[in-house]
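Peer 1: have a look at this prediction, sequence included:
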Amino acid sequence: MDNRQALRNIEEISEILEKISSHGNYLEFCQTVNGLTYRSQSIIKFINNYSYDIALRPKDKLNQFQFNPEIPIYAKNEMNSIVFKCEIKQLNHHNLIVANFPDLLYLLNTREGQRLNFENLSLPLIFKNESLDDYQRCKLFFGGKLSDFSRNGLSFVTYDDNCIGYQIGDKIRFSTINGYSLKEPVIGTLVYQQKIIDPSIIPSTKLAIRFDRAIPLKQILRYIDNQIYINV
């Protein structure tokens with residue numbers, strides 16, 4: 001478990017589970033029985049801080065649990081920043097599990113300079129290029145998909161038609177990242193652009209931006225759908 005902190009304090013574990021539940025984030029639970037692995041994307045419906053257990057339901061109500069209550073289940077979140085094991089205390093009608101709090105929860109450590117990869121999550125962002133000579137196009141906002149993000153910059157992919165005339169050194173302004181309207185503008189300089197060669201997709205380009213000022217990591221993570229990290 002490189003770059004992960006092992007949490008054993010029940011209060012800290014409870015706080016993390018509460019955040020997952022309140023944000024509506026799902027966890028993927030899995031269990032291997034006789035060589036077969038069963039998986040379920042599930043949400044935490046209730047947390048009991050007195051008996052130290054959690055109630056789980058399938059994210060999709062049509063997909064029932066197929067777990068054996070005699071065998072532990074393993075959980076991770078979408079970005080694999082949280083990993084833990086727990087025991088099933090009760091399985092009701094294959095659509096409700098009561099499980100104990102984990103004794104040990106691994107939490108990904110994220111350092112200030114580390115670049116976080118979101119290539120597979122297709123997180124949207126909205127941007128415009130204020131350096132274009134074309135008056136109308138420099139006022140227009142376009143959409144893209146976030147690739148990675150650090151306190152010093154980000155990279156994203158957008159359709160070729162959206163970035164016609166872009167040049168290294170252009171100023172890019174972001175108005176929305178993953179559905180969050182930014183209270184303060186995030187502005188950066190275009191430092192890299194490269195066409196993506198893939199005949200199976202609409203012609204696209206990957207752009208890399210260096211922020212004009214570094215952004216605190218906690219602020220970044222608020223833009224990324226409340227995924228849970230710790231800063232060391």
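Peer 2: Perfect, I can see it now. Quick caveat: nothing in here was measured; it's all calculated off a predicted structure.
Peer 1: lowest average confidence, helix or strand, in the chain?
Peer 2: strand 230-231 (a mean of 30; mean pLDDT, DSSP states H and E).
Peer 1: what strands line up against the longest strand anywhere in the chain, and which way round?
Peer 2: When the chain is scanned for its longest strand (criterion: DSSP state E), the result is strand 180-196. If you go by DSSP bridges, strand 180-196 pairs up with strand 171-177 (antiparallel), strand 204-211 (antiparallel).
Peer 1: can you put those strands in TSV and add mean pLDDT and mean neighbour count?
Peer 2: Just so you know, the C-beta spots here come from the backbone N, C-alpha and C atoms, and that holds for glycine as well. TSV is the format used below for these (pLDDT from 0 to 100; neighbours: other Cβ atoms under 10 Å):
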stretch	mean pLDDT	mean neighbour count
strand 171-177	87	19
strand 204-211	91	19
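Peer 1: re the thing from before, which residues touch the longest strand of the chain?
Peer 2: Contact partners of strand 180-196, identified using Cβ atoms under 8 Å, 6 or more residues apart in numbering, comprise 129, 153-155, 157, 160, 163, 166-177, 203-212, 215, 222-223.
Peer 1: which is the next helix or strand following the host helix or strand of Ala55?
Peer 2: Following DSSP states H and E, the helix or strand that holds Ala55 is strand 53-58. Going down the chain from strand 53-58, the next helix or strand is strand 73-77, by DSSP H and E.
Peer 1: buried stuff in the next helix or strand after that following strand?
Peer 2: Heading C-terminal from strand 73-77, the first helix or strand you meet, by DSSP H and E, is strand 82-86. Residues of strand 82-86 classed as buried: 82-84, 86 (neighbour count, 16 or more other Cβ atoms under 10 Å).
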